[in-house]
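Novice: Output the structure for:
(one chain, ligands or ions: 1)
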Amino acid sequence: MNKILIANRGEIALRIMRSAKEMGIKTVAVFSEADRNALHVRYADEAICIGPATSNQSYLVGSKIIEACKLTGAEAIHPGYGFLSENPAFAQEVKNAGLILIGPTPQAMEIMGNKLSAKAAALKYNIPMVPGTEEAITNVEEAKTRAVEVGFPILIKAAAGGGGKGMRIVEKVADFEEQMQLAVSEATSAFGDGAVFIERYVTSPRHIEIQILGDTHGNIVHLFERECSIQRRHQKVVEEAPSSVLTPEIREKMGKCAVDVARSVNYVGAGTVEFILDENLDFFFLEMNTRLQVEHPVTEMITGLDLVKEQIKIARGETLSFKQADLKINGHAMELRVYAEDPLNNFLPDIGTLQTYQTPKGYGVRVDDGFEQGMEIPIYYDPMIAKLITYGKDRTEAIDRMIRAIEEYDITGIQTTLNFGKFVMQHQAFVSGKFDTHFVGKYFTPESLKSENEQEAMIAAIAAVMLLQNQKKIAPPSAAATVQKSNWTQNRREY
Ligand code: MV4
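Specialist: Take a look at the predicted model:
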């Protein structure tokens, strides 16, 4: 494999290119008209424009990407996450074109792309699953009977859904029929597939997922778990590895189950098996994601492996160079997703120009991003601008380092979720490790950030008055600095 095309943009495109470069593999970027000046375009050895800004005219058009491979002589495609990464039809087209997709087979993608077929495949291996229906429910009366057996509250899920889309909680039997009809029509319009099924609703779950790697010779290992419970409306905000609640025994059991789930579809490549964990630390398989995930860096930090390199080696047909027994967890890693969103305004996307953009540095800090100072955040794509990852000898050090790194990050021109991340890191429930998927809804209010902003504004105001009273030669703060919050000093004095 001499040249690969990266069918993605932003931080993940750069992330993939870095590993390819270290392996001596040439890289081809594709880009939309909105991304002409993007970093991933400059970083690649070659770049091809594949169309207008909107994703469905560029990054989502499989034929244009395959064409770009032909044009440049790229032999393989890394799809990253999102866009075409879990599209079995695209995976098949890539294969038909004589190219290699750095990822699983179209068959594995197809099975895992549907929650019911995923559960059916996993059933062969005695994997714990939440009680419910094994097939799509069609008859309301039958479904109602089953719901009563399972026990309320129950959750109606769309088989074709993912990431929490198309889910409805039903509290009591009287609400069932109405909720089911709503779920079916929602699923039909959102996914073109009205198949829904039911599960007992686990009321206070933790979202824990296991990273797996499978090669083309039948070897599958797991790379331990990631704790992803801190999310907002199904958008993950903070991820960490390892989870502070898993015992070595549960970890081993979950790991084995994850490997079995992968084995049930002869999984090849990097994948993630998603579980929920209830208050009794009982775990249940939910679904499998057949891509490299956004939060993969925390796994890299604790295992010392480069997951992109492993993906490429697997795609080249190499045998995994380690066995399960060779793998162990070292230290603790934390990831904060930095979104261009305003936490004080219901996390509305806040696009604009990065007037200041200075990333934190130093021991144990990793920033995976795709922007530079002066760049504009395009409105067309995901508002995630960076992933801030910290590593420490233990969880406490990873958290302390995250707080330090957040304070060191200097972004002006747009609002970001950095201060929200600091709120999470300093919250007693997060620090103690006693939290579930309801953390944000339960504890976060805009006021919890406003007080900090106001305190800082007050301190700045007092400092300004004191400086004026001192009648010393003062460096005036820049206009931007007085409007935008910066953690870097704004009251330098000269004598
Ligand atoms: C659940 C659940 C509780 N019980 N299934 C959310 C994402 C998708 N992968 C599966 N998800 C869940 N499935 C059962 N049987 C809780 C979640 C869940 C969730 C549900 C409602 C609101 C927020 C949530 C956040 C994370 C997980």
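Novice: Just want the most central residue of the chain.
Specialist: The residue lying closest to the centre of the chain (C-alpha atoms, centre = their mean) is residue 294, at 3.4 Å.
Novice: Starting from residue 103, give me the distance back to the residue nearest to residue 84 when sequence neighbours are not counted.
Specialist: Distance criterion C-beta to C-beta, 6 or more residues apart in numbering; nearest residue to residue 84, sequence neighbours excluded, is residue 90 at 4.4 Å. Any C-beta I mention is one placed from the backbone N, CA and C, and that applies to glycine too. For residue 90, the distance to residue 103 equals 10 Å [C-beta to C-beta, to the nearest Å].
Novice: can you check residue 495 too?
Specialist: 61 Å.
Novice: ditto for residue 39
Specialist: 23 Å.
Novice: More neighbours: the two, which one.
Specialist: residue 103 (29 against 20; other C-beta atoms under 10 Å).
Novice: Identify the residue spatially nearest to the more buried one, adjacent ones excluded.
Specialist: Spatially, and ignoring its direct neighbours in sequence, residue 103 is nearest to residue 269 (5.0 Å; C-beta to C-beta, 6+ apart).
Novice: Is the one you found bridged to anything, and to what?
Specialist: Beta-bridge pairing of residue 269 under DSSP bridges involves residue 214.
Novice: Might one say that it is in contact with residue 104?
Specialist: Yes: here residue 269 reaches residue 104: they are 4.7 Å apart, a contact under C-beta atoms under 8 Å.
Novice: Please identify the buried residues of stretch 170-185?
Specialist: For stretch 170-185, a neighbour-count test (16 or more other C-beta atoms under 10 Å) marks 170, 176, 179, 180, 183, 184 as buried.
Novice: Looking at these, which are in strands?
Specialist: Of the positions in these, residue 170 sit in strands, assigned by DSSP state E.
Novice: mind checking the longest helix of the chain?
Specialist: Longest helix in the chain, counting residues (DSSP state H): helix 447-470.
Novice: ok, which residues in the stretch 151-300 of the chain are in contact with the ligand?
Specialist: 155, 163-164, 199-202, 205, 207, 231, 234, 274, 276, 286-287 (C-beta under 6 Å from any ligand atom).
Novice: Now, of those, which are buried?
Specialist: Applying 16+ other C-beta under 10 Å to those flags 155, 199, 200, 201, 202, 205, 207, 231, 274, 276, 286, 287 as buried.
Novice: which element is the fifth one on?
Specialist: Under the assignment given by DSSP states H and E, residue 202 is not contained in any helix or strand.
Novice: these two touch, right, it and residue 280?
Specialist: No: using C-beta under 8 Å, residue 202 is not in contact with residue 280; the gap is 10.4 Å.
Novice: what is in contact with those two at once?
Specialist: Listed as contacting both residue 202 and residue 280 by C-beta atoms under 8 Å, 6 or more residues apart in numbering is no residue at all.
Novice: dump the residue contacts of the residue nearest to residue 84.
Specialist: 62, 79, 84, 101.
Novice: Restrict the helix or strand hosting it to CA atoms and write it as PDB.
Specialist: With secondary structure defined by DSSP H and E, residue 90 is part of helix 88-96. Output in PDB follows, covering the C-alpha atoms of helix 88-96 (Å, rounded to 0.1, in the frame of the first residue of the first chain):
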ATOM      1  CA  PRO A  88     -22.200  -0.900   3.400                       C
ATOM      2  CA  ALA A  89     -23.200   0.100  -0.200                       C
ATOM      3  CA  PHE A  90     -20.100   2.400  -0.400                       C
ATOM      4  CA  ALA A  91     -17.900  -0.400   1.100                       C
ATOM      5  CA  GLN A  92     -19.100  -2.700  -1.700                       C
ATOM      6  CA  GLU A  93     -18.600  -0.100  -4.400                       C
ATOM      7  CA  VAL A  94     -15.000   0.400  -3.200                       C
ATOM      8  CA  LYS A  95     -14.400  -3.300  -3.400                       C
ATOM      9  CA  ASN A  96     -16.000  -3.600  -6.800                       C
END
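Novice: Most neighbours among the contacts of residue 90, which one?
Specialist: residue 79 leads those on contacts (other C-beta under 10 Å) with 27 neighbours.
Novice: which ones are touching the nearest residue to that residue once chain neighbours are set aside?
Specialist: Nearest non-adjacent residue to residue 79, counting by C-beta to C-beta, 6+ apart: residue 85, 4.0 Å away. The neighbourhood of residue 85, defined by C-beta under 8 Å, 6+ apart, consists of 8, 79, 103, 290, 291, 292.
Novice: more crowded one of residue 269 and residue 104?
Specialist: residue 104 (27 against 24).
Novice: can you tell me how far whatever residue of the stretch 201-350 of the chain ends up closest to the ligand sits from residue 333?
Specialist: Nearest residue of the stretch 201-350 of the chain to the ligand, counting by C-beta to the nearest ligand atom: residue 202, 3.7 Å away. For residue 202, the distance to residue 333 equals 26 Å [C-beta to C-beta].
Novice: Write out the residues of the stretch 301-450 of the chain neighbouring the ligand.
Specialist: Contact residues, the stretch 301-450 of the chain versus the ligand (C-beta under 6 Å from any ligand atom): residue 437.
Novice: Could you pull out the strands in the stretch 301-450 of the chain for me?
Specialist: 332-339, 341-342, 348-349, 356-358, 365-369, 384-392, 410-412 (DSSP state E, counting those that start in this stretch).
Novice: Quick one: those strands as TSV, columns for mean neighbour count and mean pLDDT too.
Specialist: Shown next, in TSV, are those (neighbours: other C-beta atoms under 10 Å; pLDDT from 0 to 100):
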stretch	mean neighbour count	mean pLDDT
strand 332-339	26	98
strand 341-342	20	96
strand 348-349	14	96
strand 356-358	17	98
strand 365-369	18	98
strand 384-392	23	98
strand 410-412	21	97
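Novice: can you put the ones you listed in JSON lines and add distance to residue 27?
Specialist: JSON lines is the format used below for these (distance: least, C-beta to C-beta, whole Å):
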{"stretch": "strand 332-339", "distance to residue 27": "24"}
{"stretch": "strand 341-342", "distance to residue 27": "30"}
{"stretch": "strand 348-349", "distance to residue 27": "29"}
{"stretch": "strand 356-358", "distance to residue 27": "24"}
{"stretch": "strand 365-369", "distance to residue 27": "16"}
{"stretch": "strand 384-392", "distance to residue 27": "20"}
{"stretch": "strand 410-412", "distance to residue 27": "28"}
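Novice: Would you tell me which of those gets closest to residue 468?
Specialist: The closest of the strands of the stretch 301-450 of the chain to residue 468 is strand 410-412. By C-beta to C-beta, the value is 24.2 Å.
Novice: So which other helices or strands are in contact with that closest one?
Specialist: Using 3 or more C-beta pairs under 8 Å, 6 or more residues apart in numbering; DSSP states H and E, the elements in contact with strand 410-412 are strand 356-358, helix 479-483.
Novice: That one pairs with which strands, parallel or anti?
Specialist: Strand 410-412 pairs in its sheet with strand 356-358 (antiparallel), by DSSP bridges.
Novice: Any regions of the stretch 101-250 of the chain where pLDDT drops low?
Specialist: 163 (pLDDT under 70).
Novice: how about the strands in it?
Specialist: Counting by DSSP E, counting those that start in this stretch, the strands of the stretch 101-250 of the chain are 154-158, 168-170, 196-200, 206-214, 220-232, 235-241.
Novice: Turn these into TSV, columns for distance to residue 327.
Specialist: Formatted as TSV, the strands of the stretch 101-250 of the chain follow (distance: least, C-beta to C-beta, whole Å):
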stretch	distance to residue 327
strand 154-158	33
strand 168-170	38
strand 196-200	32
strand 206-214	10
strand 220-232	6
strand 235-241	13
